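Participant: Below is the sequence, then the predicted model.
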Amino acid sequence: MTRYHGIDIPRVETAIRAAERGTSAELRVAISRFYFWGDVRRAAESAFKRLHMEHTRARDGVLLFVAPRLRRFAIVADVGAAAQVEPVFWEDVARGLGARFRAGDPTGGLERALATIGARLAEPFPPDPADRNELPDRVVV
């Protein structure tokens with residue numbers, strides 16, 4: 001699959017790998033396949049657990065969860081990443097991502113969000129040559 005609801009999957013996966021080159025933090029993107037009436041945040045937290053994002057050594061995982069049919073998303077950061085970043089940062093990332101979604105550029109929004117998150121997490125979680133990629137870089141649909 002190369003596109004899903006206007007999201008260019010290979011471009012997003014490239015953005016994940018690029019962001020992770022500058023940090024040992026683990027970034028993932030999950031796209032909901034189903035139309036659901038529930039809370040997107042709750043679905044994102046469920047996906048975070050289902051994808052075992054809390055199993056990183058430094059608890060530095062961040063998930064961008066997208067529900068394209070609802071035109072909604074949520075950002076979930078594990079406790080290690082959340083402790084290193086002020087809440088206003090996540091709000092700024094969400095605002096930028098939302099603006100790109102509204103402009104019809106969800107792929108560009110995800111690319112920018114991933115780059116911004118990777119750059120911000122580079123200081124508390126610098127790249128480590130001995131660090132292995134703890135979570136897959138592929139987009140989960």
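Facilitator: On my side now, so go ahead.
Participant: all helices of the chain, in order?
Facilitator: Remark: helices assigned in the chain by DSSP state H are 9-21, 40-50, 79-84, 87-102, 106-121.
Participant: Identify each buried residue in the first one, please.
Facilitator: Neighbour-count burial for helix 9-21, counted by 16 or more other C-beta atoms under 10 Å, picks out 9, 11-13, 15-16, 19-20. Placement of C-beta: from N, CA and C, glycine included.
Participant: cool, the last one as well?
Facilitator: Going by neighbour count (16+ other C-beta under 10 Å), the buried part of helix 106-121 is 106-114, 116-118, 120-121.
Participant: and which of the residues you listed is nearest residue 48?
Facilitator: residue 117 (14.6 Å; C-beta to C-beta).
Participant: So that closest one versus residue 26, what's the distance?
Facilitator: Using C-beta to C-beta, to the nearest Å, residue 117 is found at 11 Å from residue 26.
Participant: which residues do the two both contact?
Facilitator: Residues touching both residue 117 and residue 26 by C-beta atoms under 8 Å, 6 or more residues apart in numbering: residue 62.
Participant: I'd like to know which of the helices of the chain is closest to residue 136.
Facilitator: It is, among those and with distance given as C-beta to C-beta, helix 9-21, at 9.2 Å.
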